[in-house]
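Visitor: pasting the sequence and the predicted coordinates here, then a few questions.
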Amino acid sequence: MPTEQGTHFWFMSLVLITSEGMSFYRRTGHLTVNPGATRFNAFEEILSAMKEGTPELRDAVVLSFDIQPNRL
């Protein structure tokens, strides 16, 4: 049985610059957005959750972000 998925699929890539060099991160996922939510709302929600779940990304810079309806 397929796993329930959110209404939207998202992609985000980040870079973290340290004294040792650069580290690149890529994350993907899905979520169900609230009625009336904007792309900015989704971006902030996802970025906050990523940084909360991975504290070393606190100072990371977003290189790219996209969110699309999760259907073909």
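Guide: It's in. Numbers count the residues shown, from 1 in each chain.
Visitor: how deep is residue 14 tucked in, by neighbour count?
Guide: Applying other C-beta atoms under 10 Å, we find 21 residues neighbouring residue 14. The C-beta positions use only the backbone N, C-alpha and C, and glycine is treated the same way.
Visitor: in which helix or strand would I find it?
Guide: Following DSSP states H and E, one finds residue 14 within strand 8-18.
Visitor: can you give me the buried ones in that strand?
Guide: Of the residues in strand 8-18, 8, 9, 10, 12, 14 count as buried by neighbour count, 16 or more other C-beta atoms under 10 Å.
Visitor: quick one: which of those residues is nearest residue 38?
Guide: residue 8 (12.0 Å; C-beta to C-beta).
Visitor: residue 16 contacts residue 59, correct?
Guide: Yes - using C-beta atoms under 8 Å, residue 16 makes contact with residue 59 at a distance of 6.4 Å.
Visitor: shaky segments in the chain?
Guide: Across the chain, the ranges flagged by pLDDT under 70 are 1-2.
Visitor: where exactly do the strands run in it?
Guide: Using DSSP state E, the strands of the chain run over 8-18, 21-31, 61-69.
Visitor: for residue 18, give me its contacts.
Guide: Taking C-beta atoms under 8 Å, 6 or more residues apart in numbering as the contact definition, residue 18 lies against nothing.
Visitor: how near is it to residue 50?
Guide: 18 Å (C-beta to C-beta, to the nearest Å).
Visitor: residue 20 too?
Guide: 21 Å.
Visitor: those two - which one has more neighbours?
Guide: Between residue 20 and residue 50, counting by other C-beta under 10 Å, residue 50 is the more crowded of the two (18 against 6).
Visitor: quick one: contacts for that one?
Guide: If you count contacts by C-beta under 8 Å, 6+ apart, then residue 50 has 12, 14, 27, 57 around it.
Visitor: recalculate using a threshold of 10 Å.
Guide: 12, 14, 25, 27, 29, 57, 58, 60, 62 (C-beta atoms under 10 Å, 6 or more residues apart in numbering).
Visitor: for the closest residue to residue 47 other than its chain neighbours, give the beta-bridge partners.
Guide: Distances taken as C-beta to C-beta, 6 or more residues apart in numbering place residue 62 nearest to residue 47, at 6.7 Å, with adjacent residues excluded. Beta bridges link residue 62 to residue 14, judged by DSSP bridges.
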